[in-house]
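# coords please:
(one chain, ligands or ions: 1)
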Amino acid sequence: MLRRTILYLSKAGWARRIVTGWGLARRVARRFVAGETLDEAARVTQTLNRRGLAVTLDCLGESVHQAEDTAEVVKAYRAALDRIQQDRLNASISLKLTHLGLDISEDLCVSNLRHILGAAQERGVQVTIDMESSDYTDRTLRLYRTLRDEYGFTNVGIVIQAYLYRSETDMRDLAAEGAHVRLCKGAYLEPPTVAFPKKADVDANYVKLAQDFLQAPPPAYLCIATHDEKMIAATEAFIRQNHVPNNRYEYQMLYGIRSSRQEELAKAGYTMRVYVPFGVAWYPYFMRRLAERPANLWFFARSVFAR
Ligand SMILES: Cc1cc2nc3c(=O)[nH]c(=O)nc-3n(C[C@H](O)[C@H](O)[C@H](O)COP(=O)(O)OP(=O)(O)OC[C@H]3O[C@@H](n4cnc5c(N)ncnc54)[C@H](O)[C@@H]3O)c2cc1C
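Here you go, the predicted model:
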């Protein structure tokens, strides 16, 4: 109930205006967001890299409705790519199709994506297309396949959400195609007609999808994106028992969540990549992080009342 309310508020313009106008909320959001500028994101990336962690940089934003605004998004990603190259950062990038204009027109979105993918390919930087709510799953997968065929399987990756019933079929197809897939549980408000309503079912599906995909032949590559110790233990055990080579998968977590565990996994020899979001449009991302864990909401509330 609490999760559904917070996810509802993550889409409400009036709630965004209240929360983002509040200096305190901005400071609390900093736990999950590297900063509002590329300089801040680059500094965080350097620090994480020095600790043995790889990064994927996300210029925050989604649901853009003006074509002119998407040109700014392309500019921001190009600047991030330049910075990765100049500072020799160990970083890939992650992006959302609605940030690049998918709600305006598919052609505009593809054209924007091509600008970013072309620049990324020149600099040898990998790009992952995030997955948004189920209204976008078909279109996101279709555009991913088109662009992956143009720019290469290892240069472009896609996200699959274990809470969707359809993901078993999607993962099977992507494994056969040799795709680069990030598997997460899923962060949006979905009806029980499309997604498992119970966490236990999502968790069981996550383990099944990960284990099946880890058996796919190269170049299939799995990014195990979770903070859940049970998911990590189940995949680690499977990897060990089946001698899955370490160039076939990596672990991923979000910036600000279980940071010490991130370093532990890196020290244990796993590739560990941290998703580092930055930018001014942090509101929906921040609300999804609050929805994932009620304790975050209490942390937020405590900070408010402590003032
Ligand atoms: C690299 C990466 C990329 C992602 N990309 C997408 C995407 O494209 N589309 C999408 O729908 N979702 C995405 N997600 C979010 C994902 O779907 C989940 O909502 C999120 O990761 C929480 O699920 P979990 O696997 O960590 O397990 P959960 O069962 O939610 O959490 C397990 C444990 O992890 C810790 N934890 C989890 N979340 C938090 C939090 N917010 N704050 C503090 N502790 C927490 C807690 O200890 C919790 O008990 C991504 C996640 C990662 C790590």
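# just checking, what packs against the strand or helix carrying Leu265?
For Leu265, the element it lies in under DSSP states H and E is helix 259-267. Identification of packing neighbours for helix 259-267 by 3 or more Cβ pairs under 8 Å, 6 or more residues apart in numbering; DSSP states H and E yields strand 249-254, strand 272-278. For glycine as for every other residue, the C-beta is placed from the backbone atoms N, C-alpha and C.
# do that again at 10 Å, thanks
helix 38-50, helix 229-241, strand 249-254, strand 272-278 (3 or more Cβ pairs under 10 Å, 6 or more residues apart in numbering; DSSP states H and E).
# any bit of stretch 61-81 sitting next to the ligand?
No. Stretch 61-81 lies apart from the ligand when judged by Cβ under 6 Å from any ligand atom; the minimum separation is 10.5 Å.
# mean confidence for that stretch?
Averaging pLDDT along stretch 61-81 gives 93.
# Stretch 141-152 now?
pLDDT averaged over stretch 141-152 gives 95.
# C-alpha coordinates for it, CSV please?
Taking Å, rounded to 0.1, in the frame of the first residue of the first chain, the C-alpha atoms of stretch 141-152 are listed here in CSV:
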residue,chain,number,x,y,z
LEU,A,141,12.8,-4.2,-26.9
ARG,A,142,12.0,-3.5,-30.5
LEU,A,143,14.2,-0.4,-30.6
TYR,A,144,17.0,-2.2,-28.7
ARG,A,145,17.0,-5.0,-31.3
THR,A,146,17.2,-2.5,-34.2
LEU,A,147,20.0,-0.5,-32.7
ARG,A,148,21.9,-3.5,-31.3
ASP,A,149,22.0,-4.9,-34.9
GLU,A,150,23.4,-1.6,-36.1
TYR,A,151,25.9,-0.9,-33.3
GLY,A,152,26.9,-4.4,-32.0
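# Around the ligand, which positions in the stretch 51-200 of the chain sit nearby?
Near the ligand, when you scan the stretch 51-200 of the chain using Cβ under 6 Å from any ligand atom, you find 130-131, 159, 161, 182, 184-188.
# now those residues: which count as buried?
Among these, the ones that count as buried by 16 or more other Cβ atoms under 10 Å are 130-131, 159, 161, 182, 184-188.
# Got the confidence number for the residue most central in space within the chain?
Per Cα atoms, centre = their mean, the C-alpha nearest to the average position across the chain is that of Asp130, at 5.3 Å. The per-residue pLDDT reported for Asp130 equals 98.
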